[in-house]
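Student: this one's sequence-less:
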């Protein structure tokens, strides 16, 4: 049997032996477009290729942000504040929304590739017990990561734990409690077998497992089927990770191209300069940017790149306190011309757009030859662009070619999945829920101190909203904001308070704590997969 690019699938994209390729950045294996059973089962390196395929499947899964960002308190659609939108505004969100099946399939691709590796490992000749255990631990971690995202987004989901070699249509949705039990089982097995400090950067470590397990336990702690010690167990795991991954001194250095692999990084997706192993490439450098090239002296740039929604909300910008170094490291308030403007009024290197933190008077604005956009004007057409706002720079990938929509972006920089800044916030939330506000404040204040702030929070000031506000400053664009709001029971409240488009429509309701199951999955299953209530 030849293992080719794709099996025929009727349902989940779970037949994923296809395109078994090596992630050369960390596995250093030969990249092969197709592998025969003879190669896989008679060469221990074939096992590495199976494991690498799971990592490779994680790239698109961790790069599809629409369900993680849109319709939250700090991200909205990059449009004027009128009209309706299904995903961001929760107006007429249905099971045929374009983003829903992509998110679903991306994570089931990871699960399918993991299941193939797990089921076939015993048949590989010459594979040492140690290498097999380590590799299986890594893929079980990624399967757990995938199911965690799926169960939080969709609620009960089909729990598929073995390779599917023939087309199947009858699947049922496992209860959330059962999915969580499987996630924790996979994580416990992974923790027992992966390396404490992998020899190759990018492979799953014990601290990556501990971080994810802490997040899973913290999330389960809010649920009706919570374990009695979920919050304290989550805090204990987070403390181990924090001890092993000290915060870097300077927040801005976290996002320096030269310092991507630092003490704070726990787990990241690798891309790099090799176009074969990089695949489509990282595209985070395109995020949270408007169509800046309409302004004098601006061109489609290898620094600024093209705009790719969503947009930060006004609250996101207001949330930064004076003196917070994370603000300057995250956003760009000044755009400098890259060429001379056609009329010569703006020369290369001149300011062409400026976003003051505090609004300028109309008189002061008139004294400048460049465009000044005040807070409150980000979603108001100004005669040049429809919307305009301070753009993200923390993910900049200078020198990567400008690409149009539909073309691989080929970004080279690593993508952080877990880092200790998030671990600190998970610990703070776990301690708060366990009744230890003093410990919670300690972790929040560690981040505030690193950010250059001198005003620390007293224990009585730390509540869920304080932690979420800190998370918005610390982790902007890095984590699933939607899942954080859902976990803490603040999704509806904060969306209506801070998302201007969703607040205009006031459509979000309790049913939106779960996404609709993709209608294609319901249809193909013949109804064995039931739709979520309200959809």
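Tutor: Now that the structure is in, tell me what you want to look at. If you're wondering where the values come from, they're calculated on a predicted model, not measured in any experiment. Residues are numbered from 1 along each chain as shown.
Student: Buried residues in the longest helix along the chain, which are they?
Tutor: Taking DSSP state H as the criterion, the chain has its longest helix at helix 129-154. Neighbour-count burial for helix 129-154 flags 131-132, 134-154 (criterion: 16 or more other CB atoms under 10 Å). For glycine as for every other residue, the C-beta is placed from the backbone atoms N, C-alpha and C.
Student: cool, and stretch 278-291?
Tutor: 278-279, 281-291.
Student: Likewise for stretch 108-121?
Tutor: Here stretch 108-121 shows 108-118, 120-121 as buried, counting by 16+ other CB under 10 Å.
Student: can you check stretch 43-60 too?
Tutor: 43, 45-60.
Student: Run through the strands of the stretch 201-350 of the chain in chain order.
Tutor: Ranges of strands in the stretch 201-350 of the chain, per DSSP state E, counting those that start in this stretch, are 265-269, 311-312, 331-332, 334-336.
Student: and these as a markdown table, adding mean neighbour count, distance to residue 480 and mean pLDDT?
Tutor: Below are the strands of the stretch 201-350 of the chain laid out as a markdown table (neighbours: other CB atoms under 10 Å; distance: least, CB to CB, whole Å; pLDDT from 0 to 100):
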| stretch | mean neighbour count | distance to residue 480 | mean pLDDT |
| --- | --- | --- | --- |
| strand 265-269 | 21 | 15 | 97 |
| strand 311-312 | 26 | 16 | 98 |
| strand 331-332 | 20 | 20 | 97 |
| strand 334-336 | 17 | 29 | 97 |
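Student: Relative to residue 532, which of these is closest?
Tutor: Distance to residue 532, taken as CB to CB, is lowest for strand 311-312 among the strands of the stretch 201-350 of the chain, at 28.0 Å.
Student: Summarise which helices and strands the closest one is packed against.
Tutor: If you count contacts as 3 or more CB pairs under 8 Å, 6 or more residues apart in numbering; DSSP states H and E, strand 311-312 packs onto strand 75-76.
Student: Now do the buried residues in the following helix or strand past the strand it packs on.
Tutor: Next helix or strand after strand 75-76 toward the C-terminus (DSSP states H and E): helix 86-89. With burial defined by 16+ other CB under 10 Å, the residues of helix 86-89 counted as buried are 86, 87, 88, 89.
Student: contacting residues for the first one?
Tutor: With contact taken as CB atoms under 8 Å, 6 or more residues apart in numbering, residue 86 is in contact with 92, 93, 94, 97.
Student: Write a PyMOL command that selects only the buried members of these.
Tutor: Applied in PyMOL, the following selects the buried portion of the contacts of residue 86 according to 16+ other CB under 10 Å:
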select buried, resi 93+97
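Student: I'd like the contacts of residue 86 laid out as JSON lines, including distance to residue 455, secondary structure and pLDDT.
Tutor: JSON lines is the format used below for these (distance: CB to CB, whole Å; DSSP: H, G, I helix; E, B strand; the rest coil; pLDDT from 0 to 100):
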{"residue": "92", "distance to residue 455": "44", "secondary structure": "coil", "pLDDT": "95"}
{"residue": "93", "distance to residue 455": "40", "secondary structure": "coil", "pLDDT": "97"}
{"residue": "94", "distance to residue 455": "46", "secondary structure": "coil", "pLDDT": "96"}
{"residue": "97", "distance to residue 455": "42", "secondary structure": "coil", "pLDDT": "95"}
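Student: which of the contacts of residue 86 sit farthest apart?
Tutor: Across the contacts of residue 86 (CB to CB), the longest gap, 9.0 Å, separates 92 and 97.
Student: circling back: okay, the buried residues of stretch 278-291 in a markdown table with distance to residue 456 and pLDDT next?
Tutor: Formatted as a markdown table, the buried residues of stretch 278-291 follow (distance: CB to CB, whole Å; pLDDT from 0 to 100):
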| residue | distance to residue 456 | pLDDT |
| --- | --- | --- |
| 278 | 42 | 87 |
| 279 | 43 | 87 |
| 281 | 40 | 90 |
| 282 | 35 | 91 |
| 283 | 37 | 88 |
| 284 | 31 | 92 |
| 285 | 34 | 92 |
| 286 | 36 | 90 |
| 287 | 31 | 92 |
| 288 | 29 | 94 |
| 289 | 34 | 93 |
| 290 | 35 | 94 |
| 291 | 40 | 92 |
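Student: coming back round to it: dump the strands of the stretch 201-350 of the chain to CSV, plus distance to residue 346.
Tutor: Below are these laid out as CSV (distance: least, CB to CB, whole Å):
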stretch, distance to residue 346
strand 265-269, 38
strand 311-312, 25
strand 331-332, 17
strand 334-336, 10
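Student: Tell me which of the ones you listed sits nearest to residue 79.
Tutor: Short answer: strand 311-312, nearest of the strands of the stretch 201-350 of the chain by CB to CB, at 8.1 Å.
Student: in its sheet, what does the closest one sit against?
Tutor: strand 75-76 (antiparallel) (DSSP bridges).
Student: Let me see the mean pLDDT of the helix or strand where residue 352 lies.
Tutor: Assessed by DSSP H and E, residue 352 sits inside strand 351-354. In this model, strand 351-354 carries a mean pLDDT of 98.
Student: Next: stretch 48-63.
Tutor: Stretch 48-63 comes out at a mean pLDDT of 95.
Student: Also stretch 386-406?
Tutor: 91.
Student: Now do the end-to-end distance for that stretch.
Tutor: In stretch 386-406, first residue to last residue: 23 Å (CA to CA, to the nearest Å).
Student: re earlier: so which of the buried residues of stretch 278-291 comes closest to residue 347?
Tutor: residue 291 (21.9 Å).
Student: Quick one: low-confidence residue ranges for the stretch 351-500 of the chain.
Tutor: Under the criterion pLDDT under 70, no range of the stretch 351-500 of the chain is flagged.
Student: quick one, strands of it?
Tutor: 351-354, 371-372, 391-392, 415-419.
Student: same for the first one, what does it pack against?
Tutor: When contacts are defined as 3+ CB pairs under 8 Å, 6+ apart, strand 351-354 packs onto strand 334-336, strand 371-372.
Student: Residue 497 is nearest to which of those?
Tutor: strand 371-372 (27.8 Å).
Student: and for that closest one, what are the contacting residues?
Tutor: 295, 352, 353, 354, 355, 356, 360, 364, 365, 382, 384, 388.
Student: tell me the pLDDT at residue 303?
Tutor: At residue 303, pLDDT is 88.
Student: What is the neighbour count of it?
Tutor: A count of neighbours around residue 303, defined by other CB atoms under 10 Å, yields 15.
Student: In this structure residue 169 contacts residue 526, no?
Tutor: Yes. Contact criterion CB atoms under 8 Å: residue 169 and residue 526 qualify, at 6.0 Å.
Student: Neighbour count for the two, which is higher?
Tutor: residue 169 (13 against 10).
Student: gap between the more buried one and residue 62?
Tutor: 29 Å (CB to CB, to the nearest Å).
Student: now do residue 481
Tutor: 14 Å.
Student: what about the two, which has more around it?
Tutor: Set residue 481 next to residue 62 and count neighbours by other CB under 10 Å: residue 481 wins out with 25 against 22.
Student: Outside of stretch 499-510 itself, which residues are in contact with it?
Tutor: 71-73, 75-77, 79, 81-82, 84-85, 88-91, 313-314, 379, 491-492, 495-497, 534.
Student: Quick one, which of these are buried?
Tutor: Neighbour counting with 16+ other CB under 10 Å marks 71-73, 75-77, 79, 85, 88-91, 313-314, 379, 491-492, 495 as buried within the contacts of stretch 499-510.
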